[in-house]
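A.B. asks: Show me the folded form of this:
(one chain, ligands or ions: 3)
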Amino acid sequence: MKYYVGEKEFFPGITNIAYEGPSSDNPLAFKFYDPDRVIRGKTMRDHLRFSVAYWHSFCAAGDDPFGNSTLDHPWKGNDPLHTAMLKADACFEFATKASMDYYCFHDIDAAPEGLTIEETEENLNIVTQMLKERQNTTGVKLLWNTANMFSHPRYMNGAATNPDFHVLAYAASQVKAALESNVELDGENYVFWGGREGYSTLLNTDMKREQEHLARFLMTARDYGRSIGFTGTFLIEPKAMEPTKHQYDFDAATVIGFLKKWGLDKDFKLNIEANHATLANHTFAHDLQTAADEGLLGSVDANRGDPHNGWDTDQFPTNIYDTVDAMYIILKNGGLGTGGLNFDAKIRRNSTDPEDLFIAHIGGMDTFALGLIAADALLEQGILEDVLTKRYSSFDSDMGRRFTAGELTLSDLRNYAAAQGSPKQISGKQEMLENYLNQVIFTCLN
Ligand code: XLS
Ligand code: NI
Ligand code: NI
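C.D. replies: Numbers count the residues shown, from 1 in each chain. Ligands and ions are numbered 1, 2, ... in the order given. Have a look, this model is predicted:
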């Protein structure tokens, strides 16, 4: 059986990763992710919609500010387009073997940038056709693509928020081409991550004006996308800082306010990245819930930060508490719609064996799969939902209901309080609920 799609196999010795169950000692097997297992009427595969990220897995080579590349990617060709083709082969071989149904990419991850806009567009066109062919051969689909408007020096002062209109227009040329590529590839979403949309000092920045430009840019992009047949979801990915000191898309709440202010919330939802939520000093769950509460939870960049430092370490998610919380919110949200769980995560630079990329993804997939199993048990038992119903039940009483309906004045409230006397203490039972959560997780391990 042929396990790869192109002219060369890049991960020889690794065959399709199989589910072997929790007692398996094979590092190249799933312990909890059983793709066809049905939970709440849907397969795990359809709940989780896993995606591999082109940039971390097939482009980044382990260099950091202190050292050079450590990962010697074998997908190097005779020229940039040949390399692009081999890289695509590596991506689709990987996704197929790792049982991942989706991939995501930035324009320049997949296709080399040319010297002119025409050349860049042409390169992306050629690569898009290659990707399309590989999608058809393997069945792997495009979860989302995006335009990298932050790496090139021209974007050092931002893209859509650049004080120079010429740079903004250049950025628009990339978004136009990326949207065309998306439509050609039947992409299910299109992402805007803020890149360098933010600032370092107010001494040279008109924040209000820059954000007006950003809103207009997004409207213009949306209109073009819709006009060429993009029917998927536009996504904004909040991030608090990095690369700029103040990112405009700080967190879920900030982005929701922005989308509503500009009437963009009909077409745009949020792509919540775990490590970005923690950069904003929130939990992953907090930002997921904030988006879900507004009906704007679109997709997830699945990773984690390091609790002991404050930057975007983009590690693979291995913390079960994070994934149980996430999957509980996602299940209650009725799923992610067109979104999925994209591993915006990279292996550490000293993880240099080719199999390490598989092992890292297996870990993330298993942790989310177990999160799904536990979240299903939580919903099935209904205890947490009962806790909420009971905790707010006083607002279902006659007076509580009248208050929420806007029928009570401040004097009415005062008179009610005076008549009732001092409120009784009601315990929040946090430790009991934490113990219960542990009990459910421990039970799911068996
Ligand atoms: C960077 C972002 C980026 C987006 C796509 O921190 O997470 O990878 O997901 O541009
Ligand atoms: Ni991301
Ligand atoms: Ni990130």
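A.B. asks: How about the residue in the stretch 151-300 of the chain that ligand 1 sits nearest to: which residues does it bridge to?
C.D. replies: Residue of the stretch 151-300 of the chain nearest ligand 1, by C-beta to the nearest ligand atom: Trp193 (3.6 Å). (Each C-beta comes from the backbone N, C-alpha and C, glycine too.) Beta-bridge partners for Trp193, by DSSP bridges, are Glu237.
A.B. asks: Equivalent analysis for the one 5 residues further on, please.
C.D. replies: Bridge pairing for Gly198 (DSSP bridges) gives the partners Gln247.
A.B. asks: show me the contacts for it.
C.D. replies: Residues near Gly198 by C-beta atoms under 8 Å, 6 or more residues apart in numbering: Gly158, Thr161, Met241, Pro243, Thr244, Lys245, His246, Gln247, Tyr248.
A.B. asks: Get me the contact residues on this structure for ligand 2.
C.D. replies: Glu273, Asp301, Asp344 (C-beta under 5 Å from the ion).
A.B. asks: mind running it again at 6 Å?
C.D. replies: Contact residues (C-beta under 6 Å from the ion) of the chain with ligand 2: Trp193, Glu237, Glu273, Asp301, Asp344.
A.B. asks: could these go into JSON lines alongside pLDDT, distance to Leu331 and neighbour count?
C.D. replies: Formatted as JSON lines, the residues of the chain next to ligand 2 follow (pLDDT from 0 to 100; distance: C-beta to C-beta, whole Å; neighbours: other C-beta atoms under 10 Å):
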{"residue": "Trp193", "pLDDT": "98", "distance to Leu331": "26", "neighbour count": "23"}
{"residue": "Glu237", "pLDDT": "98", "distance to Leu331": "22", "neighbour count": "23"}
{"residue": "Glu273", "pLDDT": "98", "distance to Leu331": "20", "neighbour count": "27"}
{"residue": "Asp301", "pLDDT": "98", "distance to Leu331": "19", "neighbour count": "25"}
{"residue": "Asp344", "pLDDT": "98", "distance to Leu331": "22", "neighbour count": "24"}
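A.B. asks: Could I get the phi/psi values of Ile362?
C.D. replies: As for Ile362, its main-chain torsions (degrees, to the nearest 10) stand at phi -60, psi -40.
A.B. asks: All the helices of the stretch 301-446 of the chain, in order from the start?
C.D. replies: Secondary structure of the stretch 301-446 of the chain (DSSP state H, counting those that start in this stretch): helices located at 320-332, 354-381, 383-391, 398-404, 410-420, 430-444.
A.B. asks: The residue of the stretch 151-300 of the chain closest to ligand 1 and Thr146 touch, don't they?
C.D. replies: Yes: taking contacts as C-beta atoms under 8 Å, Trp193 lies within contact range of Thr146: 6.4 Å.
A.B. asks: Going through the contacts of Gly198, which ones are buried?
C.D. replies: Among the contacts of Gly198, those buried by neighbour count (16 or more other C-beta atoms under 10 Å) are Gly158, Thr161, Met241, Pro243, Thr244, Gln247, Tyr248.
A.B. asks: Please go through the residues you listed and note which also touch ligand 1.
C.D. replies: The subset of the buried ones among the contacts of Gly198 within reach of ligand 1, by C-beta under 6 Å from any ligand atom, is empty.
A.B. asks: Considering those residues, which is situated nearest to Cys91?
C.D. replies: Lowest distance from Cys91 to the buried ones among the contacts of Gly198 (C-beta to C-beta) belongs to Pro243, with 25.4 Å.
A.B. asks: and that closest one, what element?
C.D. replies: Counting by DSSP states H and E, there is no helix or strand that carries Pro243.
A.B. asks: same thing with Lys260?
C.D. replies: Using DSSP H and E, Lys260 falls within helix 252-261.
A.B. asks: pLDDT averaged over that helix - what is it?
C.D. replies: Mean per-residue pLDDT for helix 252-261: 98.
A.B. asks: just checking, what packs against that helix?
C.D. replies: helix 207-227, strand 268-273, helix 284-293 (3 or more C-beta pairs under 8 Å, 6 or more residues apart in numbering; DSSP states H and E).
A.B. asks: and the longest one with helix 252-261, angle?
C.D. replies: Compare the direction of helix 207-227 with that of helix 252-261 by axes from the mean of the first three to the mean of the last three C-alpha atoms, to 10 degrees and you get 70 degrees.
A.B. asks: show me where pLDDT drops low in the stretch 1-150 of the chain?
C.D. replies: Low-confidence regions of the stretch 1-150 of the chain, defined by pLDDT under 70, span residues 1-5.
A.B. asks: mind running it again at 80?
C.D. replies: Residues of the stretch 1-150 of the chain that meet the criterion pLDDT under 80 lie in 1-7.
A.B. asks: What ranges does it have for its helices?
C.D. replies: With DSSP H, counting those that start in this stretch as the criterion, the stretch 1-150 of the chain has helices spanning 44-48, 54, 80-97, 107-110, 117-138.
A.B. asks: which residue sits closest to Ile383, ignoring its sequence neighbours?
C.D. replies: Residue nearest to Ile383 in three dimensions, not counting chain neighbours: Tyr436, with 6.5 Å by C-beta to C-beta, 6 or more residues apart in numbering.
A.B. asks: can you pull the contacts of the residue of the stretch 51-200 of the chain found nearest ligand 2?
C.D. replies: Per C-beta to the ion, Trp193 is where the stretch 51-200 of the chain lies closest to ligand 2, at 5.7 Å. Trp193 is in contact with Thr146, Ile236, Glu237, Lys239, Asp249, Asn271, counting by C-beta under 8 Å, 6+ apart.
A.B. asks: ok, the fifth one - contacts?
C.D. replies: Think Asp249. For Asp249, the contact set (C-beta under 8 Å, 6+ apart) comprises Trp193, Gly194, Glu197, Ile236, Glu237, Pro238, Lys239, Val255, Phe258.
A.B. asks: swap in the second one?
C.D. replies: Each residue near Ile236 by C-beta under 8 Å, 6+ apart is listed here: Val191, Phe192, Trp193, Gly194, Leu218, Asp249, Val255, Leu259, Phe268, Lys269, Leu270, Asn271.
A.B. asks: Quick one: end-to-end length of stretch 104-121, please.
C.D. replies: 19 Å (C-alpha to C-alpha, to the nearest Å).
A.B. asks: can you check stretch 233-250 too?
C.D. replies: With C-alpha to C-alpha as the measure, stretch 233-250 spans 20 Å from end to end.
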